Structures are given as structure tokens and as C-alpha cells.
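Visitor: okay, structure incoming, though there's no sequence with it:
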Ligand SMILES: [Zn+2]
């Protein structure tokens, strides 16, 4: 704080020493001294690097203007800022003013050429099935929800498959069949030509014009501290599926075939339907996560796949997909999460109209969950982590709201906190659930800490240990809706069993809630530290 003040004072002093009194007048605008041809049109002269008042010459006044800008006395225009940054380091500082003075004094004549203005991205005019392409008509659908989850068209169970991903808003597909709610189907579905099915509530159906085959091409790759963006030009908003490369799925809890013992994936595939050709290369620089991306075309099946390779196997943190303002598809991959800039979303399960499980002593799960979640929040915030909450009081939140919250919160990780219940009074212990394989490492870290915490909670009481025997419920795959998110690692924790009277007593005790919360927070920190 103090050194900043001294720095600002120094800048002021420097400005006043360089400043004759009459220079308090407003700075010359960028075009004031522009020379003109005899017909009045501007002379096409090259701007002088550092010539902030654009009078065609580098003078001490240019250094003064830079210093006044740095000292917040004046604000330079965007055009002036481009020219002012004459050491070309992307920021305006006293160094730029110093450089102008050196050049004026003849000490440094080789100032670089000004940076040319960034090219303006041209907007793509996308084709839609609302105009005639001369190919006839078909029954079509357009995704109207932000995300329309897709499931294999061939299955009729709830084993939502992590090899599928949602279609994003605006996507078009052809409807080949309709499935009505009933039997094994929990809602109405459309079966789509791309081979998936979507809930009818997420799309609108209409008679559309058959679309020409799509072409995809690499447009650009860009990395900053938060994400690596791969931008793709398409002719129309075709459906695509993201599939994470997992080589070690096994059938586990509830006979579900998508468990992973550890996540070792080395790439993720984005398969574009109705797209028999794709071209162009991505030049990926400065990404902490992505090493390269390659097209694999399958013209027989009219698909093209963009295979995106990870820098390190098992080090992947989610993506989001959206159409840019220029109508291009952006696949935005999270960079490696770091503790110094950590953002965590916590979801206290149930609440409001939905009490969740009811403990043997009558306590609502929703209330236990919120108490533990608040302690996790306090713990993480004490360690400098930014925490977001899907609910902070006893309000009702739908699963859709919670799922979309985690999708849109921009968080590094999402943790839903629940307490369990069984029809039997016997089960006890803790479980951690994941959906996508890349969430498994987070589930494992949190679960390890919770098991240790329970052992500690029951320590010194052999009767209770023998009676309750806190079991390792384990780390499991299960398609809970709130953790079916592609955007970040997402897990659901069952802290313990409210249906077991001993454990219910513990779960309702403030000191135990704190211990469990500290364990969850420690697990989250362990996850960050392992990346
Ligand atoms: Zn619950």
C-alpha cells in the first residue's frame, strides 16, 4: 500500500517536472494535427511509435502525455494507447514514457513498428432449415433449452452414458421417431438422425428444409490464464457429441458400466454429425492442458471428429461449448486449476419444499447438508478460495437450476453435499459419486479425507466402531443430474447415513459437522495440490 502511494507520488513529481504550465490544456486529439492532401483527404502516413498526440514527431510532450495517463490525470484514447505502448509489452507504464525520452535524446533509435490493429473477425452467415436448400423437407428439431442432454437412442434405462454430451442451444437435428412417456421412459423423447435421443421438452419440432452436408474448419486457437479456446467455422449448427477417452471403464456399483479406477484419459473426441469433411489446423500455444487437435474424417458415415489431445494423461478439467457472436463454434477448455485463483461451487442438497431424507431423530437432511456446506465454505474462504453456493438458506432449488448453476458459474470444481438414507438402519459411512471420468480424482480426494474423519469421529469408542463400523462406501459412478456437467469436475458427496441412529446422532452434532466439513475442504485442497 505504502509503496504504491510512493510510486504514484513519484509519477506526479515526474509529470510536474516535465510539465510547463501551459501544458495543462487538454491533450491534442489523435487527429488534430493530421496533415491533408490538397483535396482534403488525409495523408497516408505511417504513425510514429510513441507519438501520442499524433503530430508526426516524437517530442517530450508525448512522454508527458503517457505519464499523465499513468497518473490517471488524463485518459488516452484507444488509438493513442496503441501508439503509446512503444516498448510493445501490452501495457502503458512509465517505461513507455522513458523510452520516448530516450528516443528524443537519440539514445535509442530502434523503436519497434506500431502493432497493426487486430483483424476484425468476419461474421459467418449460418444456414438454417428455415430456408429452402432445394433438398426437400423433413421433420426437424431445434434445441431451445441451453443444453439438451442426449442419451443413446438404443437404451431405455436411466444409465445416462458419459460417452454422450448435451446438444447446445440452436443445434438442428432430424427427428426419426417419437417415444412417449411410460414403461421405462420417464418422459417423452425424440429419436434423432444423429443416433441419440433428447427429451422433447428441450427442443422444438417443426417441418424444416433438408440441410446440405456441413463442412467444418479450424479457425483459430487462443489461450489465456483461464481457458484454451478452439474456434471452429461451420456451415450450420450441427449436432456433436463429446467423448472422453477412457481406457479403464469397469462395471461397478448398481451394475453401472462406467466406473473408472483412476482417470488416465489422454484425449477427448468431438464428433460432428452431417459433416463428411473438415479441414485446417489449430496452432495451440501456451495452453497448460491441450497439446494439439486433429481432424479425423469419416466420409462414409458423414462425420468428422476433432480429437483434442491433453498435454498430460489424466490432466483434464472440462470444456464449455458455445457459438460466438461471429457465429463460430467455440470449444473452451479449462486451464489447469490453481489454488491461488480457486473458485469452488458448493451445492447443499435439497432444501425448501424438498427436505431430502429424514433422520431417525426427525432432522431434515436439507438442514444437515446446509450446515456442513456452510462450514466447508468458511474453511475454504479462510484459505483464500472463492466459494459460490447454489443456496444459502432453506430455499427450494430444482435440479435443473443446480445443474445449470454449476455449468454457468465459471467454477473450477463443483461439490454437491448430501446425507444418505437407507430402508435398513444398518448402513453407515460415506460415498463420493462422479459422472464423467475426469471428476473421479476429485471424488477420490474428498472421499479419502471423509473416511479418515469418520475413523477419528468414532475413535476411542470400540462399541460404537463395532456397532456402526464406518464403512468405506467408496468412490462410485452414478448419473445424478447435478453432476452431469462437462464444464468442470463435479462430484456428489454422501456424508453419512441419517437412517442409522448412531450416525444420525453424529451428523446432527455441530462438532461432527465441522469435522466432516473440514475433511471435505481438505479433500478439495488435496485435489488442487495434485494438479
Ligand atoms: Zn440427498
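Guide: Done, it's in. Being a predicted model, the structure only gives us computed values, none of them experimental.

Visitor: three-state assignment of the residue of the stretch 351-500 of the chain found nearest the ion?
Guide: With C-beta to the ion as the measure, residue 418 is the residue of the stretch 351-500 of the chain nearest to the ion, at 3.5 Å. Bear in mind the C-beta positions are built from the backbone N, C-alpha and C, glycine included. Three states are possible here, and by DSSP: H, G, I helix; E, B strand; the rest coil the one that applies to residue 418 is strand.

Visitor: which strand residues bridge the closest residue to residue 389 other than its chain neighbours?
Guide: The shortest distance from residue 389 to any residue other than its chain neighbours is 5.4 Å, reached at residue 346 (C-beta to C-beta, 6 or more residues apart in numbering). Beta-bridge pairing for residue 346 (DSSP bridges): residue 389, residue 415.

Visitor: from now on call the first residue 695
Guide: In the new count, where the first residue is 695, that last one comes out as residue 1040.

Visitor: run a quick neighbour tally on residue 985.
Guide: For residue 985, the tally of surrounding residues (other C-beta atoms under 10 Å) stands at 13.

Visitor: next secondary structure after the worst-scoring helix or strand of the chain on mean pLDDT?
Guide: In the chain, the helix or strand scored least confidently by mean pLDDT, DSSP states H and E is helix 696-712, which has a mean of 46. Using DSSP states H and E, the helix or strand that follows helix 696-712 in sequence is helix 754-764.

Visitor: where exactly do the strands run in the stretch 795-944 of the chain?
Guide: 831-837, 841-842, 844-846, 861-862, 866-873, 883-886, 890-893, 897-903, 909-917, 921-928, 934-938, 943-944 (DSSP state E, counting those that start in this stretch).

Visitor: right, I mislabeled it, should have said the stretch 995-1144 of the chain
Guide: Taking DSSP E, counting those that start in this stretch as the criterion, the stretch 995-1144 of the chain carries its strands at 997-1004, 1013-1017, 1023-1028, 1037-1042, 1080-1083, 1107-1114, 1124-1128.

Visitor: average model confidence for the fourth one?
Guide: Mean pLDDT, taken over the full extent of strand 1037-1042, equals 97.

Visitor: do the same with the second one
Guide: Strand 1013-1017 shows a mean pLDDT of 96 in the predicted model.

Visitor: buried ones in it?
Guide: Burial within strand 1013-1017, assessed by neighbour count using 16 or more other C-beta atoms under 10 Å, is assigned to 1013, 1014, 1015, 1017.

Visitor: distance of the third one relative to residue 862?
Guide: As for residue 1015, its distance to residue 862 is 5 Å (criterion: C-beta to C-beta, to the nearest Å).

Visitor: what's the answer for the last one, then?
Guide: Between residue 1017 and residue 862 the distance, using C-beta to C-beta, works out to 8 Å.

Visitor: and residue 767, what's its pLDDT?
Guide: For residue 767, the model assigns a pLDDT of 86.

Visitor: quick check: phi and psi on it?
Guide: With angles defined as degrees, to the nearest 10, residue 767 shows backbone torsions of phi -80, psi -40.

Visitor: any idea how many residues pack against the closest residue to residue 984 other than its chain neighbours?
Guide: Computed as C-beta to C-beta, 6+ apart, the closest residue to residue 984 that is not its neighbour in sequence is residue 922, at 4.9 Å. Burial measure for residue 922: 24 neighbouring residues, criterion other C-beta under 10 Å.

Visitor: residues in contact with residue 922?
Guide: By C-beta atoms under 8 Å, 6 or more residues apart in numbering, residue 922 lies in contact with 915, 916, 978, 981, 983, 984, 1026, 1027, 1029.

Visitor: ok so, going back, ok, the residue of the stretch 1045-1194 of the chain closest to the ion touching residue 1060?
Guide: No. Using C-beta atoms under 8 Å as the test, residue 1112 is too far from residue 1060 to be in contact (9.5 Å).

Visitor: show me the domain layout of the chain.
Guide: For the chain, whose domains are defined here by automatic domain parsing, the residue ranges read 696-798, 831-903, 909-1028, 1033-1224.

Visitor: now do the biggest helix by length in the chain, average pLDDT.
Guide: Among the segments of the chain that qualify as a helix by DSSP state H, the longest is helix 1204-1224. Here helix 1204-1224 scores 98 as its mean pLDDT.

Visitor: for residue 934, see how far away the nearest residue in space to residue 1072 that is not next to it in sequence is.
Guide: Distances taken as C-beta to C-beta, 6+ apart put residue 1211 closest to residue 1072, at 7.9 Å, once the chain neighbours are dropped. Applying C-beta to C-beta, one obtains 39 Å for the distance of residue 1211 from residue 934.

Visitor: give me the neighbour count for the residue nearest to residue 1072.
Guide: Taking other C-beta under 10 Å as the neighbour definition, residue 1211 ends up with a count of 24.

Visitor: equivalent analysis for residue 944, please.
Guide: For residue 944, using other C-beta under 10 Å, the count is 11.

Visitor: can you check residue 1191 too?
Guide: Burial of residue 1191 is recorded as 31 neighbouring residues (other C-beta under 10 Å).

Visitor: repeat for residue 948
Guide: By other C-beta under 10 Å, 9 other residues sit near residue 948.

Visitor: same deal with residue 870?
Guide: Neighbourhood size, residue 870 [other C-beta under 10 Å]: 15.

Visitor: residues in contact with it?
Guide: 885, 886, 887.

Visitor: pretty sure the last one is touching residue 868, no?
Guide: Yes. Counting by C-beta under 8 Å, residue 887 touches residue 868, with 3.8 Å between them.

Visitor: name the residues of this protein found near the ion, please.
Guide: With C-beta under 5 Å from the ion as the criterion, the chain meets the ion at residues 1043, 1050, 1112.

Visitor: in stretch 825-845, what counts as buried?
Guide: Quick answer for stretch 825-845 (16+ other C-beta under 10 Å): 834, 835, 836, 837, 839, 841, 842, 843, 844, 845.

Visitor: which of the residues you listed lies at the shortest distance from residue 757?
Guide: Nearest to residue 757, judged by C-beta to C-beta, of those is residue 841 at 53.0 Å.

Visitor: gap between the residue nearest to residue 1083 and the ion?
Guide: Residue 1040 sits 14 Å away from the ion, taking C-beta to the ion, to the nearest Å as the criterion.

Visitor: what's near enough to touch that residue?
Guide: For residue 1040, the contact set (C-beta under 8 Å, 6+ apart) comprises 1067, 1070, 1071, 1081, 1082, 1083, 1084, 1109, 1110, 1111.

Visitor: and for the second one, the neighbour number?
Guide: Residue 1070 has 31 neighbouring residues, counting by other C-beta under 10 Å.
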